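Visitor: curious how this folds, go ahead:
(one chain, ligands or ions: 2)
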Amino acid sequence: MKHSFILLIVLLSALVVPSEAASAPRPNVLFIAVDDMNDWVGCLGGYAGKVHTPHIDRLAARGTLFTNAHCPSPKCAPSRAAVLTGQMPSTTGLYDNGHWWYPHLPGISTLPMHFRAHGYRALGAGKIHHHTAGFNPPHQWDAFEPLLFRDDPWFRGDKKNYPWSKSGPTPEGFPFSGVQNLGHENDWGTLPLPDRDLDDVHSVNAAIEHLRRKHDRPFFLACGTFRPHLPWYVPRRFFDLYDPGKIVLPDVPDDDLDDLPAPALKFAAERRKDFELIRTAGKWREAVRAYLASISFADAQVGRLLDALDASPYAANTIVVFWSDHGWHLGEKQHWHKMTLWERATRVPFIIAAPGHAPSRCERAVNLVDLYPTLIELCGLPNASHPVDGQSLVPLLRDPNAPRDRPSVTEFLPGNAAVCDERYRYIRYHDGSEELYDHHVDPHEWRNLAGDPGAAGVKARLARRLPKAWAQPAPVKNAYQFDPDSHTWTEKATGRIIRPGP
Ligand SMILES: [Ca+2]
Ligand SMILES: [Ca+2]
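Guide: Ligands and ions are numbered 1, 2, ... in the order given. Take a look at the predicted model:
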């Protein structure tokens, strides 16, 4: 009798526990993205001098900081498409900024769509998908405040790609850097605008308004800043954080390119003209300072979001995720920009602060494509209906030293990929050429070991993670006519009209 009573209690507990779990309020998600921010944040130590990122650092101190995190692809659109769909470029064919995700993958469920389909309010502001018109179909969101691009001289009057940009002449003194003939967007300085008129401030204000409201459902709130993306226009006080005499330039050996294969040299040369113009004008140090100032400006926006969350009723039940879409070179490998497969372009700040998980630093190699399954697991949502390439990081949130035999992969254009574990970076290009770097002895990736006889085992091990197949590239933007008013795409070759919606 006594035993059956205990058995009954056990059976009842088994029935009660799941229903309690099911009725517990699901956590909210505050999903913060920054643009083109490399590892020059205080908590990652990528910059050799002192960088001012107090807010990103305080988030790192209360969450799990992934110190060996990499982007899916070192360019805005392919990286963001991978984060938001959970699928790598080699799966989707979305390799470049001209590759629109929506007309190509209308059946896929992005993170906001998936949360929305499972009882969440999906709210957004600023740059989440790539920022040109058409990349952010409205049916993903309950509410979305777009990145406005109102006053930026580089986007002035480009109504096709930036519908909110103002027309009119560029301001007096443009380009403010004083360096003539730099490539698209490459400039820095201070716009004569109050903070409230800056586009990133506007986006963050919109997100803060959502945090101040009462919500009857859990929310997925995404907010993305455009800085530190070029052009580096931020208020003067952020430049003033950096003494021009104390700027540390990257260490760039003259012979660093000598051991690189042809595709690597081609990627490195992409924006070299800008670097050479800046250097010849004696403005390298000034440009590095402008990038640092832009990082600190973005950090201040992160701080405003965190303050608003902390002051809200949602502070204790909200997962905060912070990520940058890829890194940025400031002269390393004689390169100026993103779009390479080296550490400087693939390593990114990445933090997850989730209720119930203790703060930690995790050195395992991870990738932003892992975010999709991670958030689904943390929030207890069903899996996406499409297969995802990422792997949940929840075991690493529980134990940052948990085993993870899964090097990170970064892809750039068809056929090129970098595989990173906790020690090595292995790169293979479309023509079969290779690089290998040993971070234990060569953190700057100066010595390409790919040709060393002793490297074969390491290369073979890492090569197992290279994509087995590369999807055909998606049709480029020019294959469609996009109508911003109806938010429809017309496929030029067939006349087929694609409307956003389930
Ligand atoms: Ca970017
Ligand atoms: Ca070298």
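Visitor: list the contacts of residue 249.
Guide: Shown in contact with residue 249 (Cβ atoms under 8 Å, 6 or more residues apart in numbering): 284-285, 288, 331. All C-beta spots, glycine's among them, are computed from the backbone N, C-alpha and C.
Visitor: swap in residue 163?
Guide: 133, 484.
Visitor: rewinding a little: who wins for most neighbours among the contacts of residue 249?
Guide: Per-residue neighbour counts (other Cβ atoms under 10 Å) across these peak at residue 288, which has 22 neighbours.
Visitor: if we can go back for a sec, quick one: which of the contacts of residue 249 sit in helices?
Guide: The members of the contacts of residue 249 that map onto helices under DSSP state H are 284-285, 288.
Visitor: could you export those as JSON lines, including distance to residue 399 and pLDDT?
Guide: Putting these into JSON lines (distance: Cβ to Cβ, whole Å; pLDDT from 0 to 100) gives the following:
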{"residue": "284", "distance to residue 399": "43", "pLDDT": "98"}
{"residue": "285", "distance to residue 399": "43", "pLDDT": "98"}
{"residue": "288", "distance to residue 399": "38", "pLDDT": "98"}
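Visitor: from the residues you listed, which is closest to ligand 2?
Guide: If you rank these by distance to ligand 2 using Cβ to the ion, residue 284 comes first, at 20.2 Å.
Visitor: contacting residues for the closest residue to that closest one other than its chain neighbours?
Guide: Excluding its sequence neighbours, the residue lying closest to residue 284 (Cβ to Cβ, 6 or more residues apart in numbering) is residue 278, at 5.6 Å. By Cβ under 8 Å, 6+ apart, the contact set of residue 278 is 177, 179, 182, 284, 287, 336.
Visitor: in the sheet, which residues pair with the last one? Tell me.
Guide: It refers to residue 336. residue 330 (DSSP bridges).
Visitor: please shift the residue numbers so they start at 40 in all later answers.
Guide: New numbering, starting at 40: the last item is residue 375.
Visitor: didn't it look like it was pressed against residue 316?
Guide: No: using Cβ atoms under 8 Å, residue 375 is not in contact with residue 316, being 9.4 Å away.
Visitor: and these two? Which one has more around it.
Guide: Using other Cβ under 10 Å, the more surrounded residue of residue 375 and residue 316 is residue 375, with 26 against 18.
Visitor: returning to that earlier point: and which of the contacts of residue 288 is nearest residue 190?
Guide: residue 327 (24.8 Å; Cβ to Cβ).
Visitor: check contacts around the residue of the stretch 190-339 of the chain at minimum distance from ligand 1.
Guide: Nearest residue of the stretch 190-339 of the chain to ligand 1: residue 268, at 5.7 Å (Cβ to the ion). Applying Cβ under 8 Å, 6+ apart, one finds that residue 268 lies in contact with 74-75, 115, 224, 333.
Visitor: ok so it is a strand residue?
Guide: No: with the criterion set as DSSP: H, G, I helix; E, B strand; the rest coil, the secondary structure at residue 268 is coil rather than a strand.
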